[in-house]
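Please work out how this folds:
(2 chains)
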Amino acid sequence: MEATERKTMDERNTSMAKKRERMNRNWFFFFISPWLIGFLCLTAGPMIFSFFMSFTNWDLMTQMKFIGIQNYVNLFKDPIFLTSMKNTFLYAAISVPLNLLLSLGMAYLLSFHLKGMRFFRTLYYLPAIVPAVASTILFTNILATNGLLNKALSFIGIQGPSWLLNKNIVLLSFVFLAVWGVGATMVLLLSSINSIDDAMYESATLDGATRMQMFVHITLPQISPVIFFNLITGIIGSLQTFTQVYLMTKGGPDNASQMIVPYLYTNAFSYYRMGYASAMAWVLFFVILILSVIVLKSSSAWVFYEQEVK
Amino acid sequence: MLDRKMKWYHKLFIYVVLCAIGFVLFAPFMYMISISLAGKQTNAVQNFSFFPKEFYWQNYRTLFGNMFGGEYPIGTWFLNTLFVVVLSIIGQMWSSSFVAYGFAKMQYKHKNGFFLLLLTTMMLPGQITLIPVFIIFRNLGLYNTLWPLIIPQFFGSAYNIFFTRQFMTAIPGELYEAAELDGLNYFGIYRKIVLPLVMPALAAIAIFTFNWAWGDLMGPLIYVSDSSKFTLALGAANLSAATNPSGTINTSLVMALSFCLSIPQIVIYFWGQKYLFNLNLGLGNSGSK
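Alright, predicted model coming up:
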């Protein structure tokens, strides 16, 4: 008698638990539904479509035709695409480390507890909040043949080149622009330097460490996670450069400053070569993926995390 | 850093370096203002001075002369931008808090799997989905409208959802239990308890979204073709491409517009600083005051 009663109680409990679990599941899906729908319709679905499209010659107008890996073969025979790959890598290879070094130096200077640091911090950050369109238009004028930069150079007796018209140095124009926006990287480094425990420096001072030694052995390891974050986002961001190229040089002169994303944009939205442009997007995706994995793998050698006992 | 024992010449050296860097970073702003105030003659020869000399305010009057017509209807462009920015902010604030609540507090055995999926999408470059999403909106008949710029914001962005979820998990559990005892269902808890509590995080998201939507060029460039539908950023980009040293659209006019384009973002930054820096999520100044 008692046993059967307990059995029905258990049954009721499990059915209640199941009902509760189902209800919880429904609530979960109710709340994440905006993202889930967006993920399916604006990310996953389009990705599959894009992958499929990269094997066709679709131009929005005519019938879509499957052409196998022809787009990918053509890409690596396309001299403009190869140039834009080279330019994009070169730009990333110059601007990312340069930006990191400069922002590190500036953050270090700003970390001294002196009067007026708040003012300098704001001043240094200001260029980073100017919209890319405005800063690019501004730098088009600064880098003009008799623009501000060459005026400053002539002040110290150097005849500046035509930055935007010279094939050999046009990529530097984008580097100047990137360096002006260094404040965005700097604020993160600064806040991470400021959050280092003073006790570490105090004990190092007692041991007779110099400022330089403290910087190399305390500051750098402590902020290495933020350096790593900036390195990854810097690489990804610079490989996707668009506005600067589109507005400042249009890829010219003679494609000397063409980069992957502006070239992709031109193919897709000026020539309507949707298949070809999709193939380009996938190449870019794998380039970003491979570089990110390399940086990630290397990070265990130089990024210091608190949990590790060294 | 420890710097109590700094000698006076150390301090002087630091200030000199700080001022030098500050000058280099500020010089472009000065040049921008100077160009925007240059007269027609200076424009014709394209030789602008570093400090403003002419104070030719007429450039600004010309720019704001015909707000809703002519070659550069910047009033229309401003309203278009405002429309996109405001709806994008609403979309992002709603979707991030709504979805983040699901990930932070709901129970489901495969929740972590979904969350991992969300984090993975943060690493996808936008170019992969750019073309298919363009085709989708074109087939929906939304080409040459501002809706393709707004609609995606209502589906949330992985970064903002992640950011809000981190914030929500810090809310003490007792608050939820008390609300459940009061007979609120999960939607009621979201609306009455969670939403007010995560407002600081949502304010930060509003600022991020403003910055992004205000300055975005690629989106409007792809979806909008009529000048009457332009945003300010696209309008400025187009005017810059149409610049003619001795014509009506000269460098000074474009520079005046660029200056006006920058001002709201700078104002929002100063006004929003307290929201961003009080979050203490590694975004602001944890030490220096």
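
wait, what's in contact with residue 153?
Picking chain A for this. Counting by C-beta atoms under 8 Å, 6 or more residues apart in numbering or on different chains, A:Leu153 makes contact with A:Gln159, A:Gly160. Every residue, glycine included, has its C-beta placed from N, CA and C.

my bad, chain B
Applying C-beta under 8 Å, 6+ apart, the residues near B:Gln153 are B:Leu87, B:Ser88, B:Gly91, B:Gln92, B:Ser95, B:Thr209, B:Ala213.

Spatially, which two of these are the most separated?
B:Ser95 and B:Ala213 (14.3 Å; C-beta to C-beta).

Find the residue closest to A:Asn71 in space, skipping its chain neighbours.
A:Ala279 (3.8 Å; C-beta to C-beta, 6 or more residues apart in numbering or on different chains).

pretty sure that neighbour contacts A:Leu75?
Yes. Counting by C-beta atoms under 8 Å, A:Ala279 touches A:Leu75, with 5.8 Å between them.

Count the residues that sit near B:Pro28.
By the measure other C-beta atoms under 10 Å in any protein chain shown, the count of residues near B:Pro28 is 22.

what does A:Gln63 give?
For A:Gln63, using other C-beta under 10 Å, the count is 8.

And for the one 4 residues further on?
A:Ile67 sits with 15 neighbouring residues when counted by other C-beta under 10 Å.

which SSE is residue 20 in?
Using chain A here. Using DSSP states H and E, A:Arg20 sits within helix A:2-38.

I was after chain B.
helix B:8-36.

And A:Leu123, by the same measure?
Here A:Leu123 is assigned to helix A:117-125, by DSSP H and E.

Please state the offset of whichever helix or strand comes after that helix from the chain centre?
Using DSSP H and E, the next helix or strand after helix A:117-125 towards the C-terminus is helix A:132-142. Per C-alpha atoms, centre = their mean, to the nearest Å, the displacement of helix A:132-142 from the mean C-alpha position of its chain is 20 Å.

Off-centre distance for whichever helix or strand comes after the helix holding A:Arg20?
Using DSSP H and E, the next helix or strand after helix A:2-38 towards the C-terminus is helix A:45-53. In terms of C-alpha atoms, centre = their mean, the centre of helix A:45-53 is set 23 Å apart from its chain centre.

still on that earlier bit, so the helix holding B:Ala20, near chain A or not?
Yes. Helix B:8-36 lies within reach of chain A by C-beta under 8 Å from any C-beta of the partner chain, at B:11, B:14-15, B:17-18, B:21-22, B:25-29, B:31-32, B:35.

Same check on stretch B:184-191?
Yes. Counting by C-beta under 8 Å from any C-beta, chain A has neighbours in stretch B:184-191: B:Tyr186, B:Phe187, B:Tyr190.

which stretch of helix or strand covers residue 83?
As the question left the chain open, I've gone with chain A. Per DSSP H and E, A:Thr83 falls inside helix A:79-110.

To clarify, I was referring to chain B.
According to DSSP H and E, B:Phe83 maps onto helix B:74-105.

in what helix or strand does A:Ser154 lie?
Under the criterion of DSSP H and E, A:Ser154 resides in helix A:148-155.

For burial, what's the neighbour tally of the residue in the stretch 1-150 of chain B that chain A sits nearest to?
Nearest to chain A in the stretch 1-150 of chain B, going by C-beta to the nearest C-beta, is B:Gly102, at a distance of 2.7 Å. Neighbours of B:Gly102 under the rule other C-beta under 10 Å: 26.

which residue sits closest to it, ignoring its sequence neighbours?
A:Phe31 (2.7 Å).

Equivalent analysis for A:Ile236, please.
Leaving out its chain neighbours, the residue that sits closest to A:Ile236 by C-beta to C-beta, 6+ apart is A:Ile288, at 5.8 Å.

okay but that neighbour is in contact with A:Leu239, surely?
Yes. Counting by C-beta under 8 Å, A:Leu239 is a contact partner of A:Ile288 at 5.8 Å.

residues touching A:His239, list them.
Residue A:239: Leu, not His. By C-beta under 8 Å, 6+ apart, the neighbours of A:Leu239 are A:Thr88, A:Ala92, A:Ile260, A:Leu284, A:Val287, A:Ile288, A:Leu291, B:Pro125.

change it to 10 Å
The contact partners of A:Leu239, taken as C-beta atoms under 10 Å, 6 or more residues apart in numbering or on different chains, are A:85, A:88-89, A:91-92, A:96, A:259-261, A:284, A:287-288, A:291, B:125, B:127.

Just the terminal-to-terminal distance for stretch A:39-59.
Using C-alpha to C-alpha, to the nearest Å, one end of stretch A:39-59 lies 26 Å from the other.

in that stretch, what counts as buried?
Buried residues in stretch A:39-59, defined by neighbour count with 16 or more other C-beta atoms under 10 Å in any protein chain shown: A:39, A:42-43, A:46-47, A:49-51, A:53-58.

which two in those are spaced the farthest apart?
The widest separation within those (C-beta to C-beta) is 29.1 Å, between A:Phe39 and A:Asn57.

returning to that earlier point: of the buried residues of stretch A:39-59, which are in range of chain B?
With C-beta under 10 Å from any C-beta of the partner chain as the criterion, the buried residues of stretch A:39-59 include A:Phe39, A:Leu42, A:Thr43, A:Pro46, A:Met47, A:Phe49, A:Ser50, A:Phe51, A:Met53, A:Ser54, A:Trp58 near chain B.

So for B:Met30, what's the pLDDT?
What the model reports as pLDDT for B:Met30 is 95.

How about B:Gly287?
B:Gly287 carries a pLDDT value of 34.

And A:Arg25, how far from chain B?
5 Å (C-beta to the nearest C-beta, to the nearest Å).

Count the neighbours of the residue nearest to that residue when sequence neighbours are not counted for me.
Leaving aside its sequence neighbours, A:Arg25 sits nearest to B:Tyr108 (C-beta to C-beta, 6+ apart; 5.0 Å). Neighbourhood size, B:Tyr108 [other C-beta under 10 Å]: 18.

Same question for B:Phe13.
B:Phe13 has 12 nearby residues by other C-beta under 10 Å.

Let me know the secondary structure of A:Phe176.
Under DSSP: H, G, I helix; E, B strand; the rest coil, A:Phe176 falls in the helix class.

related to what we said a few turns ago, who are the packing partners of the helix holding B:Ala20?
In terms of contacts (3 or more C-beta pairs under 10 Å, 6 or more residues apart in numbering or on different chains; DSSP states H and E), helix B:8-36 is packed against helix A:79-110, helix A:117-125, helix A:132-142, helix A:148-155, helix A:170-180, helix B:40-45, helix B:58-63, helix B:251-277.
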